[in-house]
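Q: need a 3D model of the following:
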Amino acid sequence: MRFLAVLVTTAIIPLLTPCSARAASPAPPIDAALRTKIDADVRALLSATHTQATTIAVVEGGKIVYIRGYGLRDVAKALPADARTHYEIGSITKQFTAAAILQLKEAGKIDLDASLARYLPKVPHANDVTIRQLLTHTSGIADFVDAPDFDDVAGTPITFDQLIARVADKPLAFKPGTRWAYSSTNFLILGHVIEVVSGLTWEDYVKQHIFGPAGMRDSATIALEADLADMARGYEYANGQTTLSKPLAESWASSAGGIVTTAVDLAKWNEALSSGRIISAADYQTLTTPQRLADGSSSEYGFGMYVDTFEGQPRIWHNGNTIGFDGSNQFFPSQGVRIIALTNAADGGSDQIVAHIYNDLFPAIAAAAIGPVPGEDPAFTARIKAFFGSLLTGHIDRSQMTDAYSGKFTDQTVKRAGSELASLGDPTWVYRGKVDDPAGLKYTYYLQYPTIMLRLTAQVDVATNRFSSMRIEPQK
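A: Alright, predicted model coming up:
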């Protein structure tokens with residue numbers, strides 16, 4: 001669901017159910033029947049998303065309790081995916097960069113609340129934003145990935161200065177600290193801060209101070225893919241055909257999305273990060289605590305980590321997407337379970353795979369979480385359906401959007417997102433509640449399709465009564 005990401009602006013799914021109200025519920029043993037159910041669901045999703053391969057892992061108590069590869073990591077050579085298969089993990093990389101920043105903070109070399117100008121005075125808006133705002137996507141700096149030519153130029157190496165120049169003339173989208181807006185530019189800048197402060201390249205710093213302490217012996221960066229055994233090939237599906245994806249030069253991804261690893265090594269990373277081997281317990285708490293915006297509302301994003309709920313349960317996680325890969329790394333603290341899914345397709349459906357596995361593990365939680373809740377406003381439901389319907393035509397109703405929200409989307413991105421959604425068919429809408437946020441009401445719906453369920457969250461601006469953000473993501 002690659003182009004659905006363009007709809008994400010200032011809101012993450014709201015906390016519809018108090019997380020503390022549910023007691024911890026450990027995962028059941030993964031017996032033969034459960035393995036069969038998981039395998040059937042994963043294979044069905046691979047078929048539905050035209051994904052060639054995935055490796056999944058379920059981790060409990062720091063130990064991998066189930067791991068398996070499906071499909072082909074290299075179609076031309078008929079090479080199967082397995083536990084050792086390497087994948088690009090895209091923006092999951094951001095938590096590694098955030099941890100590196102915190103290590104340097106602990107060493108007294110970085111002040112999180114200092115302006116960027118202390119470290120990189122020549123970067124645009126350096127005097128306006130802090131290191132903390134870069135880590136939490138509250139800087140307002142434009143995202144270089146949004147450029148319409150990104151896929152065409154991202155295979156050619158680029159310098160940091162050249163990349164920053166591509167967004168240098170763009171104003172801040174908002175006053176730093178007042179809103180949340182995802183931008184990979186934030187983390188490319190942070191990678192350069194690491195280089196300036198440590199005297200190492202970002203790649204060398206990660207190798208020495210992250211991979212080493214975590215025991216990640218099968219991890220590298222995109223530039224070293226050719227040297228990796230069991231490296232998956234990246235694919236994309238379009239116009240009824242699966243083809244090899246275009247190459248991605250590491251300089252375009254780097255500290256925002258440049259790591260290549262295995263599900264086993266990613267499981268090692270999760271445990272090392274949370275156990276105090278990478279950063280202190282206090283800084284891990286900081287990394288996984290949602291940033292508060294200037295108005296007191298929660299961004300529901302920590303340092304390179306989403307912090308929200310799934311099926312009414314607390315979740316700490318991140319996904320990642322490159323031109324030919326898609327992955328998801330999710331932790332459910334109430335159940336003490338981590339689920340990892342790495343795929344070799346641009347629209348690999350990794351979030352869906354994780355969601356299905358979670359629901360297979362905890363069917364009672366899933367059953368209770370997908371039904372309608374009381375309090376639906378029929379007039380608003382009709383309004384959001386009409387707005388959604390305009391998107392499906394490729395001509396979104398901009399009169400329903402705030403100027404700031406509308407300005408984020410070119411006609412091309414709207415058409416691509418609309419076409420992708422329209423291809424799913426007609427959904428059944430399920431109202432899941434609303435939250436009165438200081439910035440406006442947030443409404444949530446589930447959109448049920450034959451092969452997927454999407455979660456739609458829309459926020460309405462108080463002053464204008466227009467949509468100020470919308471998020472559409474796989475739910476199940």
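Q: list the buried residues of the longest helix along the chain.
A: Identified as the longest helix of the chain according to DSSP state H is helix 32-49. By 16 or more other Cβ atoms under 10 Å, the buried positions in helix 32-49 come out as 34, 37, 38, 41, 42, 45, 46, 49. The way it works is simple: take the backbone N, C-alpha and C, and place the C-beta from them, glycine included.
Q: give me the contacts around that helix.
A: Surrounding helix 32-49, the residues in contact under the criterion Cβ atoms under 8 Å, 6 or more residues apart in numbering are 28, 30, 51-54, 56, 66, 68, 70-71, 237, 345, 347-349, 352-353, 356-357, 360-361, 451-452.
Q: between the buried residues of helix 32-49, which is nearest residue 226?
A: Closest approach to residue 226 among the buried residues of helix 32-49 (Cβ to Cβ): residue 46, at 25.9 Å.
Q: how much space separates that closest one from residue 345?
A: Relative to residue 345, residue 46 is positioned 9 Å away (criterion: Cβ to Cβ, to the nearest Å).
Q: common neighbours of the two, please.
A: Common contacts of residue 46 and residue 345 (Cβ under 8 Å, 6+ apart): residue 52.
Q: just so I have it, where are all the strands in the stretch 1-150 of the chain?
A: All strands of the stretch 1-150 of the chain, identified by DSSP state E, counting those that start in this stretch, fall at 53-60, 63-74, 79-80, 87-88.
Q: nearest to residue 336, out of those strands?
A: The closest of those to residue 336 is strand 53-60. By Cβ to Cβ, the value is 6.1 Å.
Q: check which helices and strands that closest one sits against.
A: Here strand 53-60 touches helix 32-49, strand 63-74, helix 263-275, strand 337-343, helix 350-361, going by 3 or more Cβ pairs under 8 Å, 6 or more residues apart in numbering; DSSP states H and E.
Q: one more time with 10 Å
A: Where contact means 3 or more Cβ pairs under 10 Å, 6 or more residues apart in numbering; DSSP states H and E, strand 53-60 is packed against helix 32-49, strand 63-74, strand 87-88, helix 263-275, strand 326-332, strand 337-343, helix 350-361.
Q: what's the most buried one of the strands of the stretch 1-150 of the chain?
A: Comparing those by mean neighbour count (mean count of other Cβ atoms under 10 Å), strand 87-88 ranks first with a mean of 32.
Q: show residues contacting that strand.
A: 53-55, 73, 81, 221-222, 225, 230-232, 234, 245, 248, 250, 253, 257-263, 266, 320-327, 341-344, 348, 350 (Cβ atoms under 10 Å, 6 or more residues apart in numbering).
Q: how about stretch 160-171?
A: With Cβ under 10 Å, 6+ apart as the contact definition, stretch 160-171 has outside contacts at 120, 122-125, 140-144, 146-147, 149-150, 153, 158-159, 183, 185, 188-189, 191-192, 195, 202, 251-252, 254.
Q: same check, this time on stretch 418-430
A: So stretch 418-430 is contacted by 1-4, 7, 48, 347, 370-373, 376, 381, 384-385, 388-396, 444-456, 472, 475 (Cβ under 10 Å, 6+ apart).
Q: give me that answer again for 6 Å
A: With contacts defined as Cβ atoms under 6 Å, 6 or more residues apart in numbering, stretch 418-430 is touched by 3, 372, 391, 392, 394, 445, 446, 447, 448, 449.
Q: give me the buried positions along that stretch.
A: If you call a residue buried by 16+ other Cβ under 10 Å, then stretch 418-430 has these buried ones: 418, 420, 421, 424, 427, 429, 430.
Q: and the residue nearest the centre of the chain, how far is that from residue 148?
A: A centroid search over the chain (Cα atoms, centre = their mean) returns residue 319, at 3.2 Å, as the residue closest to the centre. Distance of residue 319 to residue 148, given as Cβ to Cβ: 22 Å.
Q: can you pull out the low-pLDDT segments for the chain?
A: Within the chain, the segments meeting pLDDT under 70 span 1-26, 475-476.
Q: can you map out the helices along the stretch 51-200 of the chain?
A: Along the stretch 51-200 of the chain, the stretches classed as helices by DSSP state H, counting those that start in this stretch are 93-106, 131-135, 150-153, 160-165, 184-198.
Q: and residue 411, which of the ones you listed is closest to it?
A: Residue 411 lies closest, by Cβ to Cβ, to one member of these: helix 150-153, at 16.4 Å.
Q: neighbouring contacts of that closest one?
A: Nothing outside helix 150-153 qualifies as a contact, by Cβ under 6 Å, 6+ apart.
Q: and the contacts of stretch 418-430 as TSV, adding distance to residue 111 and neighbour count?
A: TSV is the format used below for the contacts of stretch 418-430 (distance: Cβ to Cβ, whole Å; neighbours: other Cβ atoms under 10 Å):
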residue	distance to residue 111	neighbour count
3	38	18
372	48	13
391	43	21
392	47	17
394	47	15
445	42	24
446	43	20
447	44	19
448	48	15
449	48	14
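Q: these in strands, which ones?
A: With strands taken from DSSP state E, the overlap with those comprises 445, 446, 447, 448.
Q: residue 296: neighbouring residues, count only.
A: Per other Cβ atoms under 10 Å, the neighbour tally for residue 296 reads 8.
Q: distance of it relative to residue 311?
A: Noted for residue 296: a distance of 27 Å to residue 311, by Cβ to Cβ.
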